[in-house]
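> Fold the following.
(chains A, B, C and D)
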Protein chains: 4
Amino acid sequence: MFSQHVDVPGPGAYTGSLSINSIEDTGVKGSILNHSEKKLKLSDIGVLVDGLREKGLLSVVCGNTEIVSAAAAALNPDMVAIEPPELIGTGIAVSKAKPEIVSDTVSLIKRINPKTIVLCGAGVTKGDDVKSAIKLGTEGVLVASGVIKSKDQKAALYDLAQAAL
Amino acid sequence: MFSQHVDVPGPGAYTGSLSINSIEDTGVKGSILNHSEKKLKLSDIGVLVDGLREKGLLSVVCGNTEIVSAAAAALNPDMVAIEPPELIGTGIAVSKAKPEIVSDTVSLIKRINPKTIVLCGAGVTKGDDVKSAIKLGTEGVLVASGVIKSKDQKAALYDLAQAAL
Amino acid sequence: MFSQHVDVPGPGAYTGSLSINSIEDTGVKGSILNHSEKKLKLSDIGVLVDGLREKGLLSVVCGNTEIVSAAAAALNPDMVAIEPPELIGTGIAVSKAKPEIVSDTVSLIKRINPKTIVLCGAGVTKGDDVKSAIKLGTEGVLVASGVIKSKDQKAALYDLAQAAL
Amino acid sequence: MFSQHVDVPGPGAYTGSLSINSIEDTGVKGSILNHSEKKLKLSDIGVLVDGLREKGLLSVVCGNTEIVSAAAAALNPDMVAIEPPELIGTGIAVSKAKPEIVSDTVSLIKRINPKTIVLCGAGVTKGDDVKSAIKLGTEGVLVASGVIKSKDQKAALYDLAQAAL
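Numbers count the residues shown, from 1 in each chain, chains lettered A, B, ... in the order given. Okay, here's the model as predicted:
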C-alpha cells in the first residue's frame, strides 16, 4: 500500500500537513509524489524523495511529459510513473494513443538514471494494456480509475496482475 | 536583462499572472525560473522552459541542491544556476564554503545534459569569487545581493565582469 | 488604472514577486486583489489591503459568493467586487441571471462595513447591464471580457460609462 | 477530536488531498481551518465551512489579526480562534502581552456575526491563561504547544480544563 501524497519530511511547525512520520505509522510501503492532481514544487520533491528513503520508504514520482519524467528520474526516486495527460482517466489504451511517448520516455529516463523503475501511469484498464505497457519498456503500472470505476474491482485488479506475469 | 520570474506561458484566463508574452514585450533576453525565493512546480518549469524557447527567450533554472540542479538540467533549459542555500545572501565565498558542491553539481549536470550552461548562483561578491566559480567548472555567475548591497554598484559589477575575462 | 494583482507588501526577499512598491512606481491608482483567476490567502489579502492604503493606493477585493464578499468587506478594503462564477465571462446579464444574489450581497456587505463601495464584477457587457447593476445596489462595475472581446473596445467602454451617469 | 486541516469538500479528482468525506470517516467532530501553519485561500475557507456544516461537522477558522478574524467570522463558521502571531508558541501569556487585541477582536467578531464562538488560540499554557482569556471575552481556548511540550500532558490538559469551569 502506498500513500497518495506526502507534504513534509518530518515533524515540526507543520500543523495540517501530512508528514513522512505520520504515513510511516500507517504501515505503507512508500508514497506517490507529484501525482497529476497534486503537483509539487521541484525542490520539495527532492526533499521528500530523500526523506522517504531515510525512513526505508519507497518513492514513486509522477511525470506528465518526457522532460518532466526525465527530471523526476534525476531526483533519484525508486520509481517514475509516466502519465501523459491525454491518457489520464480517459480509458484510451496506451498502446493505441501515442505508444512512442512511453518508449521514448523510458529511454530518456534510463539514460539519466538507469536504476529507476519506470511505471506506466495512464492508459491502463485491461490486462492487454499491461502487456502493451511492458512491451514499451515499463516494468509495471500505476492504475486508479481503471480499477476504481470498474463494476468488479477485484476481477479488474486480478486481470491486470495476471497480465504482468 | 532577464525577468526575475514568469508565471504562465501565454495569454488566457490568467488575470494577475505574468505571462511570457508580457515579459517579451519589455525587451528582456529571457527569464530566471525557480529562484530560491519563487520556487515553482516541476511540471510548470517544464512548460515555461519550452514556452520561453518558442519565443526565442533564454531560460535560467535555479537549483538549490545537487539533485534538484540535475533535474533542472533534464528539463533542457539554456542555463542552470546552482544556489546552495548555505551561500545565498550570506557573503560566504563559494571557494571557501563547500567548493566541492559546485564542482560535483557541474559534473552531474553535464552528464545529464552536456549543452547546459552552468552558473554559480550564490557565494559571489568579489572578482575573486567569479574566478573561483569558473575554476570549479561553472561558466558564469548569477548575482544579486553581492551587487545590490554594495555601496558602489557599478564598481562592484565591473569588478565581477573583469574577473570573468 | 489598476493593477490586476499584487503579491507582497514591500521590498525584501521576494525575488520574482510583484510588490506594492513596484506597482506604485507605475502610476496605478490601486490594485485588484483576489481576482477569480488569482485567488489569495485570507491573511495575505488583509496584509495587502493595509499595505496599499499605507501607500495611498486603493484596493478592490473580489468575492465569488455572498459570504466570501462579506468576508472581503470585513478586511476593510475601499471596494468589493461581486463576481458570481455563473456570470464570469459568460455574457449572461446580471439582471437576468440571479439578480437577487447581487442585491443580497450588497445588503450583507453594507451591514458589515457600510463604507465599502460595492462593484458588480460579472454579467456586464452593455450599458443596460450597468443600469441593472446600479439598480441592484452596486455603485460601479468591474469589467474585462465584456470590453476586451468587443470589436470596438472604445465604443463598448463609452456605452458602459454613459449608462453609469 | 478535531482534524488539523481539510483540503477539499468532497470526493473527486483530488488524489493526495484530504477531503471532508475522509475526515468524516475518522469520527472527528470537525476541523480547524486556516491554522497559522496551513493558511488557506479566502474562497476555499468559505467552501470548506459550508461543506463541513453539510456533513454535521464543526468548523474553527483561525485568524492572525483583528480584520482577518473578523473576515473569518463573516464566513459563518461555528468558531473563530484568535491567534496573534506574537503569542503563537512563545509561551508569553495572553493576559500580559496585548490583552486588548483579544477583547477588541471579540467585539469586532460579535458585531459581524453574534453567533460565532470565539476561542483564544495563542498565549495559553496554564490554567490562569484560560481564566484571563475568558475574562477577555473568549469562550474557550485552542491550545497546542502549551500542552504538547509539557512534561505531563495529561496534567497540563486537566489544569486548563479545570480553569474553564
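> And the helices in chain A?
Ranges of helices in chain A, per DSSP state H, are A:20-24, A:42-54, A:66-74, A:99-112, A:127-135, A:145-148, A:153-163.
> List the buried residues of the fifth one.
Right, helix A:127-135. A:127, A:129, A:130, A:132, A:133 (16 or more other Cβ atoms under 10 Å in any protein chain shown). For every residue, glycine as well, the C-beta is placed using N, CA and C.
> For residue A:63, grab the count of nearby residues.
Neighbourhood size, residue A:63 [other Cβ atoms under 10 Å in any protein chain shown]: 26.
> what does chain A have sitting close to chain B?
Proximity of chain A to chain B, by Cβ under 8 Å from any Cβ of the partner chain, involves residues A:34, A:39-46, A:49-50, A:63-65, A:67-68, A:70-76, A:112.
> hmm, 7 Å instead?
Contact residues (Cβ under 7 Å from any Cβ of the partner chain) of chain A with chain B: A:34, A:39-43, A:45-46, A:64-65, A:67-68, A:70-71, A:74-76, A:112.
> wait, does the least confident helix or strand in chain A by mean pLDDT contact chain D?
Of all helical and strand segments in chain A, the minimum by mean pLDDT, DSSP states H and E falls on helix A:145-148, at a mean of 81. No - residues of helix A:145-148 contacting chain D under Cβ under 7 Å from any Cβ: none, with a closest distance of 9.4 Å.
> pLDDT averaged over the longest strand seen in chain A - what is it?
Secondary structure of chain A per DSSP state E: the longest strand is strand A:58-63. If you average the pLDDT over strand A:58-63, you get 98.
> Run the angle between it and helix B:66-74 for me.
If you take axes from the mean of the first three to the mean of the last three Cα atoms, to 10 degrees, strand A:58-63 sits at 30 degrees to helix B:66-74.
> Check which helices and strands strand A:58-63 is in contact with.
Applying 3 or more Cβ pairs under 7 Å, 6 or more residues apart in numbering or on different chains; DSSP states H and E, we find strand A:58-63 packed against strand A:30-33, helix A:42-54, helix A:66-74, strand A:79-82.
> Find the nearest non-adjacent residue to residue A:52, please.
Sequence neighbours aside, residue A:59 is the residue nearest to residue A:52 in space, at 4.6 Å (criterion: Cβ to Cβ, 6 or more residues apart in numbering or on different chains).
> pretty sure residue A:157 is touching residue A:146, no?
No - taking contacts as Cβ atoms under 7 Å, residue A:157 lies outside contact range of residue A:146: 9.5 Å.
> more crowded one of these two?
Neighbours were counted for residue A:157 and for residue A:146 using other Cβ under 10 Å; residue A:146 has more, 22 against 14.
> do you know how far the closest residue to the more buried one other than its chain neighbours is from residue A:148?
Nearest non-adjacent residue to residue A:146, counting by Cβ to Cβ, 6+ apart: residue A:125, 3.7 Å away. Taking Cβ to Cβ, to the nearest Å as the measure, residue A:125 falls 11 Å from residue A:148.
> more neighbours, those two?
Legend: neighbour count by other Cβ under 10 Å for residue A:125 and residue A:148, higher for residue A:125 (21 against 10).
> thought residue A:106 was touching residue A:137?
Yes - the pair residue A:106 and residue A:137 passes the contact test of Cβ under 7 Å, sitting 3.6 Å apart.
> Pull up the overlap in contacts between these two.
Shared contacts of residue A:106 and residue A:137 (Cβ atoms under 7 Å, 6 or more residues apart in numbering or on different chains): residue A:118.
> Which of the helices of chain A comes out lowest on mean pLDDT?
helix A:145-148 (a mean of 81).
> hmm, who's touching it?
The contact list for helix A:145-148, computed with Cβ under 7 Å, 6+ apart, reads A:89, A:124, A:125, A:153, A:156, A:157.
> Close to chain D: what parts of chain A are there?
Looking at chain D, the residues of chain A close enough under Cβ under 7 Å from any Cβ are A:4, A:5, A:13, A:14, A:15, A:16, A:17, A:35, A:37, A:38.
> Looking at those, which is nearest residue D:162?
Using Cβ to Cβ, residue A:15 comes nearest to residue D:162 of those, at 25.5 Å.
> List phi and psi for the closest one.
According to degrees, to the nearest 10, the main-chain angles of residue A:15 amount to phi -50, psi 130.
> Now for residue A:157: which residues touch it?
Residue A:157 neighbours (Cβ under 7 Å, 6+ apart): residue A:147.
> roughly how far is stretch A:64-75 from the heart of the chain?
12 Å (Cα atoms, centre = their mean, to the nearest Å).
> what about dumping the CA coordinates of that stretch to CSV?
Extracted in CSV, the C-alpha atoms of stretch A:64-75 (Å, rounded to 0.1, in the frame of the first residue of the first chain):
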residue,chain,number,x,y,z
ASN,A,64,3.3,14.2,-17.3
THR,A,65,5.8,14.8,-20.1
GLU,A,66,9.0,13.4,-21.4
ILE,A,67,11.2,16.1,-19.9
VAL,A,68,9.3,16.2,-16.6
SER,A,69,9.6,12.4,-16.3
ALA,A,70,13.4,12.7,-17.0
ALA,A,71,13.7,15.4,-14.4
ALA,A,72,11.9,13.2,-11.9
ALA,A,73,14.4,10.4,-12.6
ALA,A,74,17.3,12.8,-11.9
LEU,A,75,15.9,13.3,-8.4
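> ranking the helices of chain A by burial, who's on top?
helix A:66-74 (a mean of 28; mean count of other Cβ atoms under 10 Å in any protein chain shown).
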